[in-house]
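# Need a 3D model of the sequence below.
(chains A and B)
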Amino acid sequence: MDSFWGALAGAVGLVFALDPDLMEIIGLSIRVTLTAVFFSCLIGLPLGAAVGTFNFPGRTLIAVFLNALMGLPPVVVGLMVYLMLSASGPLAPLRLLYTPTAMIIAQMILVTPIVAALTRQVVEDLNREYAEQFASMGVGAFDRLTAMLWDARYSLMTVALAGFGRAVAEVGAVIIVGGNINHVTRVMTTTIALETSRGNLQLALALGVILLVIAFAVNACVMALRASAVRAAYA
Amino acid sequence: MIRRIFQGVLATMIVGMLATLPAAGDEKFIIVQSTTSTQNSGLFDQLLPKFQEKTGIEVRVVAVGTGQAIKNAANGDGDVLLVHSKPSEEKFVADGFGVARADVMYNDFVIVGPSDDPAGIAGSRDVVTALAKIAESKSLFASRGDDSGTHKAELRLWKAAGIDPSEDSGSWYRETGSGMGATLNTGTGMNAYVLTDRATWIAFGNKGDHGIAVEGDARLFNQYGVILVNPKKHPHVKAELGQVFINWLLSREGQQSIADFEIDGQQLFFPNANEGSS
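I've put the predicted structure just below:
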């Protein structure tokens, strides 16, 4: 237990020391994760909503497929992206390996299925209430989709947070495609892995505490945003 | 109101995204595929700032096991390879992936073990007999099991002892399939013997009650070599900048910087660039 309380104290010390290296690492973590989640939502929200709203052949199959992809192992995604971006891979000319962009791509592949699958569920449930009304009013497909996404927006915030949680905590994929290069692709999770391998368990745990606090802060911001939005809507 | 908040969040994200795009013109860097021991010990933190100050070249280190480093370099995902498994390195050059190989420095492997020393090998200088005793007493031994330079060295030593530990994999012989640090964490956790390079051990922060049991055998010698990835195989390799880095490592200044690197007053790597390298 000694090391646990030591880690807590260490985490507080690290944060207040405002170590520039640590700030850089935290900044990159947040930037990579938020960018990945943003693009995942851009793809996943409409995709999930479409599968949840419209009847078409193969719809159930796609839903099952999306749900299954939520369980993609990060290391496998990391390897796939590495093989694509490697100098011997098909996307070599992009020169993206060992850059933050490569890490964003890997996280997008992990997060998009989560966003799409959860969105599909949320929208499908909502669609049961709305379907008849839409049909009687003769609402077009695109308007149905946007109405669904808009009306489910509060639930979808939680969906985005689920994606954020996956991305910010993930290490297996980003360490392969990013390479954990100091000052270039080193993020919180890869730093924790590195310090663990150096046997600096307290420091690693302290960094873990900081990561937890960041996740907490992001969640709190979204919840606050949601609360003020709800208040505004009913004011 | 709500829409405005969403727009604000969106705008922030897009700005953040653009900031992530690689800055143009920031191209004077090389990628070095190297091993965990050089990174975990902190050697690169000592060398690279000096090199960058002198030449303006940024060195980006990807630290993985020697086996993976060699594969990555063979794929062209690096400009320079700095690893420690001479037979694999020579094969890398012979296969045309590397231009030439040069000795850079050495340290040595040690066997670390629990203080109660179940195999009775503490203080021994004969690594092969020590391994035989570990196998005989069925004392726990944690192996890298990951095709790294250290793992290959360990397998050569078992072979010299005439023992095939893989037959007992899962009982007293535990293959972690992980890096040096992770294997040391496992070893100290389960009271197992571990073969490790001395640099990683000295810099390691979670030693528990483990100490060095076997050291000083000539067969524990651990040579590091450096290779420029062949631009004929991979035209995008920054051969010129990579060669500058290699020349600096092998120069008097680079070699001195390696010798100057100490932890707790102990020198971790011993430069030997000019002692009859290939």
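# When you work out contacts or count neighbours from here on, use the C-alpha atoms and nothing else.
OK.
# Could you give the number of residues near the residue in chain A that chain B sits nearest to?
Minimum separation of chain A from chain B (Cα to the nearest Cα) falls at A:S197, amounting to 3.9 Å. Using other Cα atoms under 10 Å in any protein chain shown, A:S197 is surrounded by 25 other residues.
# could you say which helix or strand contains the closest residue to it other than its chain neighbours?
Sequence neighbours aside, B:G181 is the residue nearest to A:S197 in space, at 3.9 Å (criterion: Cα to Cα, 6 or more residues apart in numbering or on different chains). Assigned by DSSP states H and E, B:G181 falls within helix B:180-189.
# Would you mind writing the CA trace of the helix or strand that that helix is followed by as PDB?
The helix or strand immediately downstream of helix B:180-189 is strand B:193-197, counting by DSSP H and E. C-alpha atoms of strand B:193-197 as PDB (Å, rounded to 0.1, in the frame of the first residue of the first chain):
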ATOM      1  CA  TYR B 193      16.200 -16.000 -11.900                       C
ATOM      2  CA  VAL B 194      16.500 -13.600 -14.900                       C
ATOM      3  CA  LEU B 195      19.200 -13.100 -17.500                       C
ATOM      4  CA  THR B 196      19.500  -9.400 -18.100                       C
ATOM      5  CA  ASP B 197      21.900  -6.900 -19.500                       C
END
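# returning to that earlier point: name the residues of the helix holding B:G181 that are buried.
By 16 or more other Cα atoms under 10 Å in any protein chain shown, the buried positions in helix B:180-189 come out as B:180-188.
# now the residue of chain A closest to chain B: how far from A:V187?
15 Å (Cα to Cα, to the nearest Å).
# What of B:Q223?
Taken as Cα to Cα, the span from B:Q223 to A:V187 is 31 Å.
# Between these two, point out the one with more neighbours.
Neighbour comparison, B:Q223 and A:V187: the larger count goes to A:V187, with 30 against 20 (by other Cα under 10 Å).
# hang on, the earlier thing: what residues are up against the residue of chain A closest to chain B?
Counting by Cα atoms under 8 Å, 6 or more residues apart in numbering or on different chains, A:S197 touches B:40, B:179-182, B:185.
# Those into JSON lines, with extra columns for pLDDT?
Output for the contacts of A:S197, formatted as JSON lines (pLDDT from 0 to 100):
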{"residue": "B:N40", "pLDDT": "88"}
{"residue": "B:G179", "pLDDT": "89"}
{"residue": "B:M180", "pLDDT": "91"}
{"residue": "B:G181", "pLDDT": "92"}
{"residue": "B:A182", "pLDDT": "92"}
{"residue": "B:N185", "pLDDT": "94"}
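# Pick out whichever of these sits closest to B:R101.
B:N40 (23.4 Å; Cα to Cα).
# Look at residue 63 and give its secondary structure.
Unless you meant another one, I'm taking chain A. helix (DSSP: H, G, I helix; E, B strand; the rest coil).
# my bad, chain B
B:A63 is classified as strand under three-state DSSP.
# list the buried ones in stretch A:218-233?
A:218-219, A:222-223, A:225-226, A:229.
# whoops, I mixed them up, stretch A:118-125
A:118-124.
# Could you list the low-confidence segments of chain A?
A:1-3, A:235 (pLDDT under 70).
# which residues in chain A form helices?
A:2-17, A:20-53, A:59-69, A:74-85, A:100-137, A:141-151, A:153-169, A:172-178, A:188-197, A:201-234 (DSSP state H).
# Would you mind finding the most buried of these?
Comparing the helices of chain A by mean neighbour count (mean count of other Cα atoms under 10 Å in any protein chain shown), helix A:172-178 comes out on top with a mean of 26.
# what about that one and chain B, touching?
No: figure legend: helix A:172-178 not in contact with chain B (Cα under 8 Å from any Cα of the partner chain); closest approach 8.7 Å.
# Skipping its backbone neighbours, what lies nearest A:N219 in space?
Nearest to A:N219 is A:L161, by Cα to Cα, 6+ apart, at 6.9 Å.
# Same check on B:A100?
The nearest residue in space to B:A100 (Cα to Cα, 6+ apart) is B:I227, at 5.7 Å.
# Distance check, the one you found against A:A68.
B:I227 is 44 Å from A:A68, by Cα to Cα.
# which residue ranges form the strands in chain B?
In chain B, the strands defined using DSSP state E lie at B:29-35, B:58-64, B:80-83, B:98-113, B:141-143, B:173-175, B:193-197, B:211-214, B:221-229, B:262-263, B:266-267, B:270-271.
# related to what we said a few turns ago, tell me which of the buried residues of stretch A:118-125 is nearest to B:I121?
A:L118 (57.9 Å).
# Quick check: the closest one touching A:G48?
Yes: A:L118 is within contact range of A:G48, at 7.4 Å (criterion: Cα atoms under 8 Å).
# give me the residue from chain B nearest chain A.
B:G181 (3.9 Å).
# distance of that residue from A:A193?
When B:G181 is compared with A:A193 (using Cα to Cα), they lie 10 Å apart.
# Can you tell me the closest non-neighbouring residue to A:A49?
Nearest to A:A49 is A:R120, by Cα to Cα, 6+ apart, at 5.3 Å.
# ugh, wrong one, A:A204
A:I192 (4.8 Å).
# sorry, back to before: now for the strands of chain B, which one comes closest to A:Y130?
When these are compared (using Cα to Cα), the closest one is strand B:58-64, at 53.1 Å.
# So what's the gap between the closest one and the chain middle?
Here the centre of strand B:58-64 is set off from its chain's centre by 11 Å, with Cα atoms, centre = their mean, to the nearest Å.
# now that strand against strand B:29-35, angle please.
Comparing the axes of strand B:58-64 and strand B:29-35 via axes from the mean of the first three to the mean of the last three Cα atoms, to 10 degrees yields an angle of 30 degrees.
# Is strand B:58-64 positioned near chain A?
Yes: shown here: strand B:58-64 in contact with chain A (Cα under 8 Å from any Cα) through B:60-63.
# Could you dump the residues you listed into a markdown table with distance to A:T35 added?
Formatted as a markdown table, these follow (distance: Cα to Cα, whole Å):
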| residue | distance to A:T35 |
| --- | --- |
| B:R60 | 23 |
| B:V61 | 25 |
| B:V62 | 24 |
| B:A63 | 26 |
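# Now render the residues you listed as a markdown table, adding distance to A:Y98 and pLDDT.
Shown next, in a markdown table, are these (distance: Cα to Cα, whole Å; pLDDT from 0 to 100):
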| residue | distance to A:Y98 | pLDDT |
| --- | --- | --- |
| B:R60 | 9 | 96 |
| B:V61 | 10 | 96 |
| B:V62 | 9 | 96 |
| B:A63 | 12 | 94 |
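# Tell me which two in the residues you listed are the farthest apart.
B:R60 and B:A63 (9.6 Å).
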